[in-house]
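Enquirer: using only what follows, build the 3D model:
(chains A and B)
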Amino acid sequence: DVKVTQSSRYLVKRTGEKVFLECVQDMDHENMFWYRQDPGLGLRLIYFSYDVKMKEKGDIPEGYSVSREKKERFSLILESASTNQTSMYLCASSYRLASSYEQYFGPGTRLTVT
Amino acid sequence: GENVEQHPSTLSVQEGDSAVIKCTYSDSASNYFPWYKQELGKGPQLIIDIRSNVGEKKDQRIAVTLNKTAKHFSLHITETQPEDSAVYFCAAIRNQAGTALIFGKGTTLSVSS
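Expert: Modelled structure (predicted):
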């Protein structure tokens, strides 16, 4: 059974803090993704990675960076958290093959920046 | 790149009725269209998908139809049940070079008994 885990379900941080959101998958997937989910805006892609040490920008990368040092782990970093980054953050993973586009999502981390 | 529009944003039905959610896409080369269901407190989960070489696909009470000419696809849920209440997202491949998806903004379906 595929499992994508995220380090925290709820997180409260102060403005200006550096924030790390961790995601781990156990299915040996090549692809990993970070989304943020806001009411009325759906799922917006922040960054994704097709391989270790590789990253590509999504639609809203500003204010975020990522790290992928191991295949199973993909970290999202907020260098200096701001209140407009208060949101639900979802991690997902998938196989690289075009025959299998299905993405498996973690439960999400609800981040509040005060 | 691809753009996906989803309607309606909210949908309320009585138990036993049918529900239809529609999405349009912009890239005529798109060839894969999944639907995800997100229950409260959980991440989205794939419930059905369709590739552009077929016009319809069914799985028990859910079905997806694809109209390539009009560039739209729809999710149909028949005999709705309270457990169908959730947020539903349609999606398409962002661009033909990779496997990343672009999602619609979601539809909140409420099924009342």
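
Enquirer: residue of chain A with the smallest distance to chain B?
Expert: Residue nearest to chain B within chain A: A:Phe105 (3.0 Å; Cβ to the nearest Cβ). (Glycine included, C-beta is placed from N, CA and C.)

Enquirer: number of nearby residues for that residue?
Expert: By other Cβ atoms under 10 Å in any protein chain shown, the residues close to A:Phe105 number 23.

Enquirer: now do the contacts for it.
Expert: A:4, A:90-92, B:43-45 (Cβ atoms under 8 Å, 6 or more residues apart in numbering or on different chains).

Enquirer: let me have those residues in TSV, extended by neighbour count.
Expert: TSV is the format used below for those (neighbours: other Cβ atoms under 10 Å in any protein chain shown):
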residue	neighbour count
A:Val4	23
A:Leu90	25
A:Cys91	28
A:Ala92	27
B:Gly43	22
B:Pro44	27
B:Gln45	14
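
Enquirer: inside strands: which ones of the residues you listed?
Expert: Secondary structure defined by DSSP state E assigns A:4, A:90-92, B:45 of the contacts of A:Phe105 to strands.

Enquirer: farthest pair within those?
Expert: Spatially, the most separated pair among those is A:Cys91 and B:Gln45, at 13.9 Å (Cβ to Cβ).

Enquirer: turn the ones in strands among the contacts of A:Phe105 into TSV, columns for pLDDT.
Expert: TSV is the format used below for these (pLDDT from 0 to 100):
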residue	pLDDT
A:Val4	97
A:Leu90	98
A:Cys91	98
A:Ala92	97
B:Gln45	97
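
Enquirer: picking that back up, partner residues bridging the residue of chain A closest to chain B?
Expert: A:Ala92 (DSSP bridges).
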